[in-house]
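1. Using only what follows, build the 3D model:
(chains A, B, C and D)
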Amino acid sequence: MSDQRPASKSELMVVASAHALAGRRVCFVGVGLPNIAVNLAKRTVAPEMELVYEAGVFGANPARLPLSIGDPTIVTGSTATVSMHDLFGLYLQGGRIDVGFLGGAQIDRFGNLNTTVIGDYAAPKTRLPGSGGACEIAINAKEILVIMRQSTRSFVKELDFRTSPGNLGGAAAAAKTRAAQGWGGSGPSGVITDLGVYGFDHDGEMALRSLHPCATLDEVRASIGWEIRVPQNVPLTPTPTAEELRLIREELDPTGAYVS
Amino acid sequence: MSDQRPASKSELMVVASAHALAGRRVCFVGVGLPNIAVNLAKRTVAPEMELVYEAGVFGANPARLPLSIGDPTIVTGSTATVSMHDLFGLYLQGGRIDVGFLGGAQIDRFGNLNTTVIGDYAAPKTRLPGSGGACEIAINAKEILVIMRQSTRSFVKELDFRTSPGNLGGAAAAAKTRAAQGWGGSGPSGVITDLGVYGFDHDGEMALRSLHPCATLDEVRASIGWEIRVPQNVPLTPTPTAEELRLIREELDPTGAYVS
Amino acid sequence: MSGSKLVDMRTAIAEHVHDGDTVAIEGFTHCISFAAGHEIIRQRRRNLTLARMTPDLVYDQMVAAGCAKKLIFSWLGNPGVGSLHAIRRRTEPAALAAGESLLEIEEYSHHGMVGRYVAGAHRLPFYPLRSYSESDLPNVNPLIRTVQSPFGAEEVYAVPPLNPDVTIIHAQRADTDGNVQMWGLLGCQKEAAFAAKRVIAVVEEIVPTSVIRADPNRTIVPGLIVHAVVREPLGAHPSYVQGSYDRDNAFYREWDTISRDAAATEAWLQEWVYGVPDRAAYVAKFGADYFTRLTPTSAPSGSVDYGDYR
Amino acid sequence: MSGSKLVDMRTAIAEHVHDGDTVAIEGFTHCISFAAGHEIIRQRRRNLTLARMTPDLVYDQMVAAGCAKKLIFSWLGNPGVGSLHAIRRRTEPAALAAGESLLEIEEYSHHGMVGRYVAGAHRLPFYPLRSYSESDLPNVNPLIRTVQSPFGAEEVYAVPPLNPDVTIIHAQRADTDGNVQMWGLLGCQKEAAFAAKRVIAVVEEIVPTSVIRADPNRTIVPGLIVHAVVREPLGAHPSYVQGSYDRDNAFYREWDTISRDAAATEAWLQEWVYGVPDRAAYVAKFGADYFTRLTPTSAPSGSVDYGDYR
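-> Okay, the predicted model is just below:
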């Protein structure tokens, strides 16, 4: 008998992220929630999607959920396993990636991201992992989706450090820079959190697009460090279908390690 | 019963070239005479030598004499077969090649080479193959050996086109350029012809080092387009040993396709 | 994943190679798609810019057939034999036939041509390399320039990206999605394919995707960038395919004789290209025995283990 | 060809890793030579500059043991788990123990680190790439600079070459000449090795040269550039070797707990590094059963044919 619990906030994040991938062809996968979201999308709205891992795998077909981004299960049964020079040069910089997933410790209203430090760079309060591939994914994937849990510590007015550019100071500046500096992509198109789904308005600023069924507007506003744009009538994020929840709970994350 | 004919001019070229390879470790091989010379050296004076083919093979172990530089026999049984990007980038430019063999349609007194055109570039009398890898081998292999048959058409006062640099206008200019432009090698160290073996004096100009037993100084002078430097007492190039001739005639070129 | 990309050569060329295109048929000695070159001749494509490190016989034949207006290359010869005579007749004014014009020539070194494809494939505005120093090549090719290193005072040379309209590669095998696997000399098949707007992959054998996925490190070009897959056994003859057939050195030598004479060249094209509808007919015309003597005995790679991680 | 380069790990480290060296132990998640890292700790090397795309647990342990003065990297974390706590204690002033100094930090992105090795391996003064645009990274790392394209007005970013004094790679197999074959994630093993002044190749298995020569396309590093070959089964644990053993994710999680506490970290080093003479003893201490559960079932690549051409 199938699990009847209503969708959790994490499950709503995963399902909303999967929906955002509808029709996408080539996706750069991160570990954790993005990985589950992508695998869910592949089984539902984007069956033709090819998974690319920065570790050097194209067309991965993981038999289990990998803990790290370089797990052996992403290699066995993949269509191509290549050097990181090829992965970053030919696939990413070469313009072959449709959508990249990014997360971060901090995001601002224009979708710029910090994964480097909290506090001063030379004497940080918290030393974060740094860029990894993020700062090149941000400008070379055709489109960026961000997955982050929201809080006033993470959705901030001013980043402590800009690791990966989003819409810079706004859409006009970003468009000019993208053209002048030959960026391959058009930057962030959506932010999916535990409370809602956000898009970017014409001027490049983040705006709420839908509220998760379990969340309130007050929660949304209280966990963002600037006055977030909210449309007059906020639609609700579609409730996950029973099949989507079944896939997550029984196939993709049976131990609940990632989505709980 | 073994072949008792005296060494031909081609055989003298091959044997003298093999001797020039004594102790060398990594050799960039061209087809034809250099290939036979290198294989002879490997069986005699340079048993540890690794053969590198620009087609992308390191440590080749050809089971037959390849006609072209990309024959399948250089791949089967080699230690590494790689892309041309790797071959030219990691092996050649990366400074891993001890000695490169070059030939040409024209050479001048400073060892500069032309393999591009006879006549005017835009309207050539004879269109030659062009550089291939020669112009990067010339500056990136640690040392260059040239093998050419000599004639006044090929040993010229002025090149019609400089494809691959040797000692430029002389050793001083060449040393300055090598340092300033970060060349990996020290340029030509020897020229082996059908009549003799040449080296380069301290000022970078070619000079006869030894005369083949079958050749005369008059022949040498008559087939070089400038007044070639000849030492007072010209030594004779060592006569090939019976074993060297046997290797060429019975093992390396049994049909006499290259050395005759 | 997506639907099959498997088509016949006629369809692949008709759909993906257009008059005026920049075309790269790559393969360094190994895996040169003569089958595609001949189909381009049969379909009478004109004004092509032909890019290839070593034009080899395939471009000599295409030039003789009138397909080309320009060559981009690094070494122009019949490897191991001598000259490309049809091309020489279009590059040496004294040899030019009445009514013919000189081919445009844009010439690099091997590393420079590789670098052009790499820059094109990596979407870089230039590729830096240590070559051309004190050579006359930069004097006759204005696209070979110097670039200033931002670290120290050093200058090196640079070449611009090359992005062919279509790259055609031959290889041992692919699945119908276009995931291509190749062994032996890799040349610049991968770089030329990634640099191209469209890719035609020609293979000896179509294999199930499971064969590809059993050895993912062997994949040189993913289906992602491939537009058409053509199965064409012996499609690289007179060049060769490692493990499948040998280089037909006798034909490379024979071409030297044929191509010295314009009329003999035209007669050869009539008989062996225009006179056959496709590669299968070309192969049949030689007869099966002809290829038997080009077949090597076996030298297996051995198998390695990727491990099943569930 | 030349004499065997096979030595034990103690000899390899003693001969090739010196105080003050720049050391790169590479391998992206896959094939990280923990065995070499532990031997460097045991031999008490000091003032090392440690370069690695992802410092991983191996550099967290080496930093905890006091081997390092500087880190060059692109992603600083425990992959799939969280932070590298020993390194954080040397990078966050508030966490610094009395008498300790901050580690020097030189930080790039993944593509930038790959590019540094490529430039080093290709003997180029810089490597151009499309990254860092509008990032703060160039503001804090003066070695990330712009370069002007000689074709058009475009500027891209560039990183300088990285030439480690010694690069240490792990792989599935090599012969005693040091011809190394690897499959699965290739990371930047090849580029980091070619960039280095000295190379130590650590492998699961020594095979006859004939095994290497049967599949030359599988060779990622030739013996030409290798100075020492070390046979060290399970030498990459807790990372993994494709087809041989799985990543020990449980240990990666456990290290998160251990490394949060400086005393627990030191105790772990005493027991598992200083307390064992070599990797064989480390393996024996876990017991054979421990590794049985990390052993995957088989997934063979299949064999291809290179052809015997005589």
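
2. How about the contacts made by A:T126?
-> Residues touching A:T126, when contacts are defined by C-beta atoms under 8 Å, 6 or more residues apart in numbering or on different chains, comprise A:105, A:117-119, D:88, D:92. Yep, even glycine has a C-beta here, placed from its N, CA and C like the rest.

3. Take the residues you listed and, keeping just the buried ones, write it as a ChimeraX select command.
-> Only the buried entries of those go into this ChimeraX selection, using 16 or more other C-beta atoms under 10 Å in any protein chain shown:
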select /A:105,117,118 /D:88,92
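
4. ok, so what distance separates the closest residue to A:Y121 other than its chain neighbours from B:V146?
-> In this structure, A:Y121 finds its nearest non-sequential neighbour in D:V140, 5.0 Å apart by C-beta to C-beta, 6 or more residues apart in numbering or on different chains. In this structure, D:V140 lies at 51 Å from B:V146, with C-beta to C-beta, to the nearest Å as the measure.

5. In terms of neighbours, single out the busier of the two.
-> Neighbours were counted for D:V140 and for B:V146 using other C-beta atoms under 10 Å in any protein chain shown; B:V146 has more, 25 against 16.

6. wait, isn't that one in contact with B:S189?
-> No - applying C-beta atoms under 8 Å, one finds B:V146 not in contact with B:S189, separated by 9.2 Å.

7. which residue ranges form the strands in chain C?
-> C:22-25, C:48-51, C:68-73, C:104-107, C:127-129, C:145-148, C:155-159, C:166-174, C:180-181, C:198-206, C:219-221, C:228-231 (DSSP state E).

8. out of those, which comes closest to chain D?
-> When the strands of chain C are ranked by distance to chain D, counting by C-beta to the nearest C-beta, first place goes to strand C:145-148 at 4.0 Å.

9. Using neighbour counts, pick out the buried residues of that closest one.
-> C:145, C:147.

10. From the contact counts, what lies against it?
-> strand C:155-159, strand D:145-148 (3 or more C-beta pairs under 8 Å, 6 or more residues apart in numbering or on different chains; DSSP states H and E).

11. Please dump the ones you listed into JSON lines; it should also carry distance to B:K157 and mean pLDDT for every row.
-> Supplementary listing: the helices and strands packed on strand C:145-148 in JSON lines, determined by distance: least, C-beta to C-beta, whole Å; pLDDT from 0 to 100:
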{"stretch": "strand C:155-159", "distance to B:K157": "28", "mean pLDDT": "97"}
{"stretch": "strand D:145-148", "distance to B:K157": "40", "mean pLDDT": "98"}
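
12. So which of the ones you listed is nearest D:V211?
-> Across those, the minimum distance to D:V211, taken as C-beta to C-beta, is reached by strand C:155-159, at 38.8 Å.

13. For the stretch 201-310 of chain C, what lies in contact range of chain B?
-> On the criterion C-beta under 8 Å from any C-beta of the partner chain, chain B has as its neighbours in the stretch 201-310 of chain C the residues C:240, C:242, C:246-247, C:249, C:252, C:296, C:299.

14. biggest separation within those residues, which pair?
-> Between all members of those, the longest pairwise span (C-beta to C-beta) is found for C:Y252 and C:A299 and amounts to 23.1 Å.

15. Can you give me the distance of the closest residue to chain A within the stretch 1-150 of chain C to C:N163?
-> Of all residues in the stretch 1-150 of chain C, the one sitting closest to chain A is C:H122 (4.3 Å; C-beta to the nearest C-beta). C:H122 sits 11 Å away from C:N163, taking C-beta to C-beta as the criterion.

16. Tell me which of the two has more neighbours.
-> Between C:H122 and C:N163, counting by other C-beta under 10 Å, C:H122 is the more crowded of the two (25 against 20).

17. Please name the residues that touch the closest residue to that one other than its chain neighbours.
-> Of all residues not flanking C:H122 in the chain, A:G89 sits nearest, at 4.3 Å (C-beta to C-beta, 6+ apart). Taking C-beta under 8 Å, 6+ apart as the criterion, A:G89 is in contact with C:118, C:121-122, D:111, D:114, D:129.

18. quick one: which of these is nearest to C:A284?
-> So of these, ranked by how close each gets to C:A284 (C-beta to C-beta), first place is C:A121, at 37.5 Å.

19. Now do the closest one, the pLDDT please.
-> Per-residue confidence (pLDDT) for C:A121: 98.

20. what does the stretch 101-250 of chain C put close to chain A?
-> Taking C-beta under 8 Å from any C-beta as the criterion, the stretch 101-250 of chain C approaches chain A at residues C:118, C:121-125, C:177, C:179, C:190, C:194, C:209, C:212-214, C:216-217, C:219, C:222-225.

21. Which of those fall within helices?
-> Among these, the members found in helices (DSSP state H) are C:118, C:121, C:190, C:194, C:209, C:212-213.

22. Tabulate the residues you listed in TSV, adding columns for neighbour count.
-> As requested, these are arranged in TSV below (neighbours: other C-beta atoms under 10 Å in any protein chain shown):
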residue	neighbour count
C:V118	27
C:A121	31
C:K190	26
C:F194	29
C:T209	18
C:I212	25
C:R213	20
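
23. tell me the two of those residues that are most distant?
-> Farthest apart among those - using C-beta to C-beta - are C:V118 and C:T209, which lie 28.4 Å from each other.

24. what's near enough to touch A:G94?
-> For A:G94, counting by C-beta under 8 Å, 6+ apart, the contacting residues are C:121-123, C:194.

25. Likewise for A:G103?
-> Applying C-beta under 8 Å, 6+ apart, we find A:G103 in contact with A:30, A:34, A:113, A:115, A:146-148.

26. min pLDDT across these, which one?
-> Per-residue confidence across the contacts of A:G103 is lowest for A:G30, with 74 (pLDDT).

27. Ignoring the adjacent residues along the chain, who's closest to it?
-> Take A:G30 and drop its neighbours on the chain: the residue closest to it by C-beta to C-beta, 6+ apart is A:F101, 4.9 Å away.

28. show me where the stretch 101-250 of chain A has helices.
-> Listed from the start of the chain, the stretch 101-250 of chain A has helices (DSSP state H, counting those that start in this stretch) covering A:134-140, A:171-180, A:217-222, A:242-246.

29. Let me know the average pLDDT across the last one.
-> Averaged over helix A:242-246, pLDDT sits at 94.

30. Give me the buried positions along that helix.
-> Residues of helix A:242-246 classed as buried by neighbour count (16+ other C-beta under 10 Å): A:244-245.

31. Return the list of helices and strands in contact with it.
-> On the basis of 3+ C-beta pairs under 8 Å, 6+ apart, helix A:242-246 makes packing contacts with helix A:9-20.

32. what sits up against the helix it packs on?
-> For helix A:9-20, using C-beta under 8 Å, 6+ apart, the contacting residues are A:7, A:33-34, A:36-38, A:40-41, A:44-46, A:101, A:145, A:147, A:149, A:189-190, A:192-195, A:197, A:210, A:212-215, A:237-238, A:240, A:244-245, A:248, A:258-260.

33. Would you mind naming what in the stretch 101-250 of chain C lies close to chain D?
-> Proximity of the stretch 101-250 of chain C to chain D is confined to C:123-126, C:128-130, C:143, C:145-152, C:154, C:156, C:158, C:160, C:172, C:183-184, C:186, C:211, C:214-215, C:217-218, C:242-244, C:246 under the rule C-beta under 8 Å from any C-beta.

34. Are any of those buried, and if so which?
-> Neighbour-count burial (16+ other C-beta under 10 Å) is assigned, among those, to C:123-126, C:128-130, C:143, C:145, C:147, C:149-150, C:154, C:156, C:158, C:160, C:172, C:183-184, C:186, C:211, C:214-215, C:217-218, C:242-244, C:246.
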